[in-house]
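Undergrad: Requesting a structural model of the entry that follows:
(one chain, ligands or ions: 1)
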Amino acid sequence: MRGAGERDVVRPNPIPAEAVTSMSSMRKIVVHRAGGYEALRLETHPMPRPGPGQVLVRTGAVGVNYADVCVRLGVYESARRFVGWPITPGFEFAGAVEALGAGVTGHAVGDPVFGVTLFGAYATHVCVPADQVWRRPRALSTDEAAGVLAVSLTAYHGLLQTVVIRPGMSVLVHSAGGGVGSALVRLAKLHGLRVVGVVGAAHKVAYVGALGADAVIDKASGPLWPQAERLCPEGFDLIFDANGPETLRESYAHLRPTGKLMVYGFHGMLPKQGGRLDYVRAALGWVRMPRFDPLRMTSENRSVVAFNLSFLFDRADLLQPAAADLVAWLEDGRIAAPTIETFPLAEVAAAHRALESGRTVGKLVLRT
Ligand SMILES: NC(=O)c1ccc[n+]([C@@H]2O[C@H](COP(=O)([O-])OP(=O)(O)OC[C@H]3O[C@@H](n4cnc5c(N)ncnc54)[C@H](OP(=O)(O)O)[C@@H]3O)[C@@H](O)[C@H]2O)c1
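TA: Got it, this is the predicted structure:
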C-alpha cells in the first residue's frame, strides 16, 4: 500500500515530462510490451485532436482498475484484440472539456465531465466519442468521479442488466471491499437485496459494513463457506465471483435453485506481488477451473452468467441507460462514490503494486 514502503516512480523519458507539456503536447503512460512495473513508461506525445463527434478532455484524475494490471501483463484479451502494443491503459477519467470535434452538441469547452474510454485514459488528455462523457455530478470531487464509472457500470450491468432481481433476494459478493465489489454492495442495497460481503483481510470488514452489507465474512480469519451457510442456509440467489478457480466451484454449490453464479474476472490466477506472471499459478488455475455441465445445471435450476464490459463498448443500448441511472443516483446521493486513494501519474507503478497486493479498499486513482 501507498506509504508502506518505497514508492515506484516511473522515470519520464527522455526529458522531464512536466517541463514539456504544453498546448501542443500531452503526457501518457505507455506500455510497449507485456511486463512488470518497469513496463509503465511516462512519455510525452503530440496533443490529440478530437475527430468528428469526439471531445478532447483535459483529465484531472483517471481511475485504476484491476483490468489495467492485466493489460500491462499482456493477458487482457480485448486489449490484445482491439489495440495490441504499444498501449495506454485506462478505462475512465474526470476532468474538463478542452475542445470539441465537428458536430458535437451538448458539451461546452470548460464543462466539468467524467467518462469512459476503451483504453487510453492514463493520460493528461484523452479524445473520446462525445456520448462516452457526462457532466460530473456536483456531489463528486474530480478524484471520486475518476474512479466511480468503470466499477459502477460493471456492477450495474451484472446486477441490473443480466438478471432479474426482486427485493429480499440474497446476494453474496466476493471481494466486497474492492472497486467492483463495493459498487455491487451499494447497488444491491439500493435495490432492497440482502447482501453478504466477503473480504480477504480484516481491515476491510468495517468498510464493507459501512457500505450497508447485512453481514461481512473475513475469509482470512476462518473458513468462508460454513459462515456463508450459517448466514444463508437455503443458498444464495446471486453470487458475484471474480476470484476464478479459488472459489467458483463452491460459489456454484452455494446457489439456491434459480440462483445465478455471476462470473466477471479471474484475479486469483494472478500473483499478489512481484508484478510478473506466475505461469505455474496461472496453469494450475486453468486446470482447476470448474467445467459446468448444462444437463446438471438444468436439473438443479442453477445458472452461470459471465460478462466482460470491455467487449460491450459499442452497445449504446446498455451503456447509455446505465450511465443515466448512475449519474442521477450519484447526483441525488442514492449511491456514494467509493473511498479513493490517490497517486501522481508518475507513480502509476506504485498504484499497480498496491492493487495487485489485494489489500486495497475502494478505488485508486492517478492525478494527472
Ligand atoms: N468483466 C468485467 O466487465 C469487469 C469489469 C471490471 C472489473 N472486472 C474484474 O473485477 C475484479 C475486481 O476489479 P477491481 O478493479 O474492482 O479490483 P479490486 O476489487 O479493487 O481489487 C481486487 C480484489 O480482488 C481480491 N483478490 C483475490 N485474489 C487476488 C489476487 N491474486 N490478486 C489481487 N487481488 C486479489 C482482493 O480482495 P479480497 O482479498 O478481499 O477478495 C482485491 O482487493 C477483477 O477481477 C477485474 O478483472 C471485470
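
Undergrad: which residues in the stretch 1-150 of the chain form strands?
TA: Ranges of strands in the stretch 1-150 of the chain, per DSSP state E, counting those that start in this stretch, are 25-31, 40-46, 54-64, 92-100, 112-116, 125-129, 133-135.

Undergrad: Flag the shaky bits of the stretch 251-368 of the chain, pLDDT-wise.
TA: Applying pLDDT under 70 to the stretch 251-368 of the chain flags no residue at all.

Undergrad: who in it is up against the ligand?
TA: Contact residues (CB under 6 Å from any ligand atom) of the stretch 251-368 of the chain with the ligand: 264-265, 267-268, 270, 272, 307-309, 355-356, 358, 360. In short, each C-beta sits where N, CA and C put it, glycine included.

Undergrad: Need the strands of the stretch 1-150 of the chain in TSV (columns: distance to Gly147).
TA: What follows is the strands of the stretch 1-150 of the chain, written out as TSV (distance: least, CB to CB, whole Å):
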stretch	distance to Gly147
strand 25-31	16
strand 40-46	18
strand 54-64	4
strand 92-100	7
strand 112-116	9
strand 125-129	15
strand 133-135	15
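
Undergrad: Which one, of those strands, ends up nearest to the ligand?
TA: strand 54-64 (7.6 Å; CB to the nearest ligand atom).

Undergrad: and the helix or strand harbouring Val205, how far from the chain's centre?
TA: For Val205, the host element (DSSP states H and E) is helix 205-211. In terms of CA atoms, centre = their mean, to the nearest Å, the centre of helix 205-211 is found 19 Å from the chain centre.

Undergrad: same check, this time on stretch 204-220
TA: Relative to its parent chain, stretch 204-220 has a centroid offset of 19 Å by CA atoms, centre = their mean.

Undergrad: Now do the buried residues in it.
TA: Across stretch 204-220, burial judged by 16 or more other CB atoms under 10 Å covers 204-205, 207-208, 211, 213-219.

Undergrad: And for it, what's in contact with it?
TA: For stretch 204-220, the external contacting residues (CB atoms under 8 Å, 6 or more residues apart in numbering) are 173, 176-177, 181-182, 185-186, 189, 194-202, 224, 227-228, 231, 339, 361-362.

Undergrad: circling back: which of the residues of the stretch 251-368 of the chain next to the ligand count as buried?
TA: Those of those that meet the buried threshold are 264-265, 267-268, 270, 309, 355-356, 358, 360, by 16+ other CB under 10 Å.

Undergrad: hmm, which two among the residues you listed are most spread apart?
TA: Pairwise distances across these (CB to CB) peak at 21.6 Å, for the pair Leu309 and Gly358.

Undergrad: follow-up on the earlier one: ok, of the buried residues of stretch 204-220, which one's closest to the ligand?
TA: Lys204 (5.6 Å).

Undergrad: ok, so what distance separates the closest residue to the ligand within the stretch 1-150 of the chain from Leu284?
TA: Ranked by CB to the nearest ligand atom, the top residue of the stretch 1-150 of the chain for proximity to the ligand is Tyr66, at 3.4 Å. Separation of Tyr66 from Leu284 (CB to CB, to the nearest Å): 20 Å.

Undergrad: So between these two, which is more surrounded?
TA: Tyr66 (23 against 13; other CB atoms under 10 Å).

Undergrad: In the stretch 251-368 of the chain, which residue sits closest to the ligand?
TA: Nearest to the ligand in the stretch 251-368 of the chain, going by CB to the nearest ligand atom, is Gly265, at a distance of 2.4 Å.

Undergrad: any idea how far Leu40 is from the closest residue to that residue other than its chain neighbours?
TA: Using CB to CB, 6 or more residues apart in numbering and skipping the chain neighbours, the partner closest in space to Gly265 is Ala242 (2.9 Å). Distance, Ala242 to Leu40, using CB to CB: 23 Å.

Undergrad: near the ligand at all, stretch 160-175?
TA: Yes - part of stretch 160-175 sits near the ligand under the criterion CB under 6 Å from any ligand atom, namely 174-175.

Undergrad: what secondary structure does the residue of the chain positioned farthest from its centre sit in?
TA: Going by CA atoms, centre = their mean, the residue of the chain most distant from its centre is Ser299, 34.3 Å out. Local secondary structure at Ser299 is given as helix here, using DSSP: H, G, I helix; E, B strand; the rest coil.

Undergrad: let's have the chain start at 48 instead
TA: That works, and once the first residue is 48, the last one we named lands at Ser346.

Undergrad: how close does it sit to Ala81?
TA: Applying CB to CB, the value for Ser346 to Ala81 is 43 Å.

Undergrad: swap in Lys266?
TA: Distance of Lys266 to Ala81, given as CB to CB: 31 Å.

Undergrad: quick one: buried residues of stretch 275-286?
TA: Burial within stretch 275-286, assessed by neighbour count using 16+ other CB under 10 Å, is assigned to 275, 278-279, 282-286.

Undergrad: Farthest pair within these?
TA: Leu278 and Leu285 (14.3 Å).
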